[in-house]
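Q: compute the structure for the input listed below.
(chains A, B, C and D)
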Number of protein chains: 4
Amino acid sequence: MNDSDTQIQEIKDRVLAFAKERDWEQFHSPKNLSMAISAEAAELMEHFLWQGSEASRSDIASGKLRTKVEEELADVFIYAIEFANVAGLDIAAIIEKKMQLNGEKYPVEKAKGRSVKYTEL
Amino acid sequence: MNDSDTQIQEIKDRVLAFAKERDWEQFHSPKNLSMAISAEAAELMEHFLWQGSEASRSDIASGKLRTKVEEELADVFIYAIEFANVAGLDIAAIIEKKMQLNGEKYPVEKAKGRSVKYTEL
Amino acid sequence: MNDSDTQIQEIKDRVLAFAKERDWEQFHSPKNLSMAISAEAAELMEHFLWQGSEASRSDIASGKLRTKVEEELADVFIYAIEFANVAGLDIAAIIEKKMQLNGEKYPVEKAKGRSVKYTEL
Amino acid sequence: MNDSDTQIQEIKDRVLAFAKERDWEQFHSPKNLSMAISAEAAELMEHFLWQGSEASRSDIASGKLRTKVEEELADVFIYAIEFANVAGLDIAAIIEKKMQLNGEKYPVEKAKGRSVKYTEL
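A: Predicted coordinates for the structure are as follows:
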């Protein structure tokens, strides 16, 4: 599988099947899955705690953190996808909708090259 | 766009284009993006803080939390996808690889119906 | 040391001395410390991912999770205290101020026995 | 109240009284409190998302982020203290114990000026 030939639905189905086979749907409430996404995101973040932004770029580019980072980012995706499964959400649709909202909050002419919150643009 | 007709690469491209147009790649280090994923995951989680797991299921099912949850889950995906863009990771490939690992850690016959960590199976 | 005979300042001093001895103040920016607090909080949370609220109470009461939970809660405190050190904040004062604010947001007569956000009281 | 004349037990008592008055102990399971600590830590972190470490120092020093940061750090402490209340933990004792452990993992002569994990020292 790779990103150019995989539809999102295929991944959703695989993630759901994994949980179903193990009879894990009973544990996969929105509450618990939101905790799991958050916990995995923190594990990803932990690799970059004490270093500067530039060092985080070069450690990724050099492959130094590659394997751990791949595994932890994958876990974030897996739980986020399972949340969408459980909540009956269409991932492509909610992303498209949110990017439209973000585009209105951060119009190119105002937001270009700036990192401030939209309330301060 | 919806999950049955959207390839992952299409979403990656959109998310990247959004950042590029705003000249935001300078802020999108792995370190900063990991913080953003974590912050958005926490916002999603905040909706379920004080309620039980069953209440989180019924609030989602009834549509009560729908709009806020859609937006916050979308933000988690957007930053996780941008992390993959910046780090040059193939999302489908890392998910497939991690699910294989998870399958070895949690074989169906041992893990069925149980929520304990694989080290205690 | 125990809570009945220890002033907050004593703990702040110890945490600061630990960092100074190791020449770690260079890494302890507010940004990095906020990440560390968040990462440790997530580790604490991870113990309770898939269980219900009642099970989390009884696992604590029975001492089952005691040692791990003690260590991870201690880490949350240590980094939060170091944040206060670095930012020059008086912990007792900011807690007192925030509890006053919380008391106004959640007056006893309205908030009693309810877990909703103050905006919905 | 300030850090030089406040014993930890005084703050613990206040935080507990606040919850008791509102009959909130029913919501304050270890699971839920761990989520609350994590959510508040993420709110603190959100102020520093896109800036460098040095900018986070100067924004704190100049007082720019002062009020928001004070409130969010206070919330982290409040929920962490309430966790200790609910779990029957002595905060000073668990911090002292953890700092001893940390001192063994990170002996001054090896850890001085270095930010790597103890496993790599």
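Q: pull the helix or strand with minimum mean pLDDT from chain A.
A: helix A:53-61 (a mean of 93; mean pLDDT, DSSP states H and E).
Q: would you mind listing the buried residues in it?
A: Residues A:53, A:55-57, A:59-60 are the ones in helix A:53-61 that count as buried (16 or more other Cβ atoms under 10 Å in any protein chain shown). Quick note: C-beta positions are derived from backbone N, CA and C, even for glycine.
Q: within reach of chain D, which of the residues you listed are there?
A: Restricting the buried residues of helix A:53-61 to those near chain D by Cβ under 8 Å from any Cβ of the partner chain leaves residue A:53.
Q: just the closest of the buried residues of helix A:53-61 to chain D, please.
A: Distances from these to chain D were compared by Cβ to the nearest Cβ; the smallest belongs to residue A:53, at 6.3 Å.
Q: I'd assumed residue B:31 was in contact with that closest one.
A: Yes. Proximity of residue A:53 to residue B:31 meets the contact threshold set by Cβ atoms under 8 Å, at 5.0 Å.
Q: residues touching the residue of chain A found nearest chain C, list them.
A: When scored by Cβ to the nearest Cβ, chain A has residue A:42 as its residue closest to chain C, at 3.2 Å. Contacts of residue A:42 were listed using Cβ atoms under 8 Å, 6 or more residues apart in numbering or on different chains, and they are B:38, C:38-39, C:41-43, D:38.
Q: and if we set it to 10 Å?
A: The contact partners of residue A:42, by Cβ atoms under 10 Å, 6 or more residues apart in numbering or on different chains, come to A:72, A:76, B:34-35, B:37-38, B:41-42, C:35, C:38-43, C:45-46, D:38, D:41-42.
Q: mind listing which of those residues are in helices?
A: For the contacts of residue A:42, membership in helices holds for A:72, A:76, B:34-35, B:37-38, B:41-42, C:35, C:38-43, C:45-46, D:38, D:41-42, with DSSP state H as the criterion.
Q: okay, and residue A:4 sits in which element?
A: Secondary structure assignment for residue A:4, by DSSP states H and E: no helix or strand.
Q: doesn't residue B:9 make contact with it?
A: Yes. Under the criterion of Cβ atoms under 10 Å, residue A:4 makes contact with residue B:9 at 4.6 Å.
Q: so the two - more neighbours on which side?
A: Here residue A:4 and residue B:9 are compared on neighbour count by other Cβ atoms under 10 Å in any protein chain shown; more neighbours surround residue B:9, at 16 against 12.
Q: in contact with the more buried one, which residues?
A: With Cβ under 10 Å, 6+ apart, residue B:9 has these contacts: A:2-6, B:90-92.
Q: make it 8 Å
A: For residue B:9, the contacting residues are A:3-4, taking Cβ under 8 Å, 6+ apart as the criterion.
Q: just the CA trace of the helix or strand encompassing it, in CSV.
A: Secondary structure assigned from DSSP H and E places residue B:9 in helix B:8-21. What follows is helix B:8-21, C-alpha atoms only, in CSV (Å, rounded to 0.1, in the frame of the first residue of the first chain):
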residue,chain,number,x,y,z
ILE,B,8,-4.4,9.7,0.5
GLN,B,9,-1.9,11.5,-1.8
GLU,B,10,-4.6,14.0,-2.9
ILE,B,11,-5.2,15.1,0.7
LYS,B,12,-1.4,15.3,1.4
ASP,B,13,-1.1,17.6,-1.6
ARG,B,14,-3.9,19.8,-0.5
VAL,B,15,-2.5,20.2,3.0
LEU,B,16,0.9,21.0,1.6
ALA,B,17,-0.4,23.5,-0.8
PHE,B,18,-2.2,25.3,2.0
ALA,B,19,1.0,25.7,3.9
LYS,B,20,3.1,26.7,0.9
GLU,B,21,0.7,29.4,-0.2
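Q: so it versus helix A:8-21, what angle?
A: An angle of 120 degrees separates the directions of helix B:8-21 and helix A:8-21 when computed by axes from the mean of the first three to the mean of the last three Cα atoms, to 10 degrees.
Q: and helix B:8-21, average pLDDT?
A: Averaging pLDDT along helix B:8-21 gives 97.
Q: phi, psi for residue A:49 please.
A: Residue A:49 has phi and psi values of phi -50, psi -50 when expressed as degrees, to the nearest 10.
Q: give me the neighbour count for it.
A: Using other Cβ under 10 Å: residue A:49 sits among 18 other residues.
Q: one more: residue A:114?
A: Other residues close to residue A:114 by other Cβ under 10 Å number 15.
Q: give me every residue that touches it.
A: With contact taken as Cβ under 8 Å, 6+ apart, residue A:114 is in contact with residue A:121.
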